[in-house]
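Visitor: Curious how this folds, go ahead:
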Amino acid sequence: MEQYQFNVAMDKYEKIHGYQLTGHVISFVNTILQAVLAVLVFQQSIGPFKQLLTFATAYVLADFMSGLVHMYMDNNSDYESLAGPLIASFHLHHRTPRYKQKPFVAVYYHESGSKIWLAFFLLLSVAGVWQGAISGVAAYGVLYFSILSSIAEVSHYYCHVPQPKVVQFLGKTGIFLPLRHHMRHHFEDNTNYAFLNGMTDPLLNVIAKAMCRGYKNTTDLHYARYTGVGTANR
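Guide: You can find the predicted model right below:
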């Protein structure tokens, strides 16, 4: 039944233009709002120490949030909902581990299109900073968190293409997601969901064990009878 529901959802995704358009719209909204937020926030000053502390905190939170959303999506099989075609399309990233090679800027832009939740977060953040309700450390925090949330998608993307030397260096130093660390997510089950650098995976793995059944024997089986290309090549 779930394989049938998956195929129906993917049929909608491929035939109803609005679903594929959603990613492009979200990419545009996220990048534009990040730019607007940066202009607003950079008018304020909080000093180098608070900058460093705020950035580090945002880094940890962005890694955790990327894993939490990834966990929810990997274990979501609500294909008959309005968002069902988007959920089904997301699951195809497990089927084809090799993505198309793209320039960094294109990756940042297009991969941000999967983060629908970030668009709402940015709308609230821009409104809050604009009205003065969010300022100082909090303003820089939401800015860094939003940008690092998009960079998390870039970090994950480079685990699925041949890595340039600079990306290999970032992975070895733990700034980006190490390839070997992320490969556990694909070869094992219900583990290592984080996208930015995986520092919060020990906590996420505990949550996953308590809350999720895993994807190897559930959602990964739902696309078994799907014969289309889908969006697995990103």
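Visitor: Which parts of this structure are helices?
Guide: Per DSSP state H, the chain carries helices over the ranges 2-15, 17-41, 48-74, 84-91, 104-111, 116-131, 136-157, 165-172, 179-187, 201-211, 219-222.
Visitor: Tabulate these (CSV), appending mean neighbour count and mean pLDDT.
Guide: In this view, the C-beta of every residue, glycine as well, is placed from N, C-alpha and C. As requested, those are exported to CSV (neighbours: other CB atoms under 10 Å; pLDDT from 0 to 100):
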stretch, mean neighbour count, mean pLDDT
helix 2-15, 18, 93
helix 17-41, 16, 95
helix 48-74, 18, 97
helix 84-91, 23, 93
helix 104-111, 17, 91
helix 116-131, 17, 97
helix 136-157, 22, 97
helix 165-172, 15, 94
helix 179-187, 16, 94
helix 201-211, 15, 97
helix 219-222, 19, 94
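Visitor: As TSV, these with distance to residue 97 would be great.
Guide: Output for those, formatted as TSV (distance: least, CB to CB, whole Å):
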stretch	distance to residue 97
helix 2-15	19
helix 17-41	20
helix 48-74	14
helix 84-91	13
helix 104-111	16
helix 116-131	24
helix 136-157	11
helix 165-172	16
helix 179-187	6
helix 201-211	18
helix 219-222	12
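Visitor: any idea which residue of the chain is furthest from its center?
Guide: Within the chain, residue 47 marks the point farthest from the mean C-alpha position, 30.0 Å out by CA atoms, centre = their mean.
Visitor: And it, how close does it get to residue 81?
Guide: 46 Å (CB to CB, to the nearest Å).
Visitor: for residue 37, same thing?
Guide: Using CB to CB, residue 37 is found at 30 Å from residue 81.
Visitor: which residues make contact with stretch 64-84 from outside it?
Guide: Applying CB atoms under 8 Å, 6 or more residues apart in numbering, the external contacts of stretch 64-84 come out as 2, 5-6, 8-9, 12, 85, 87-88, 90-91, 94, 115, 117, 145, 149, 152-153, 156, 193-196, 200-201, 203-204, 207-208, 211-215, 218-219, 222.
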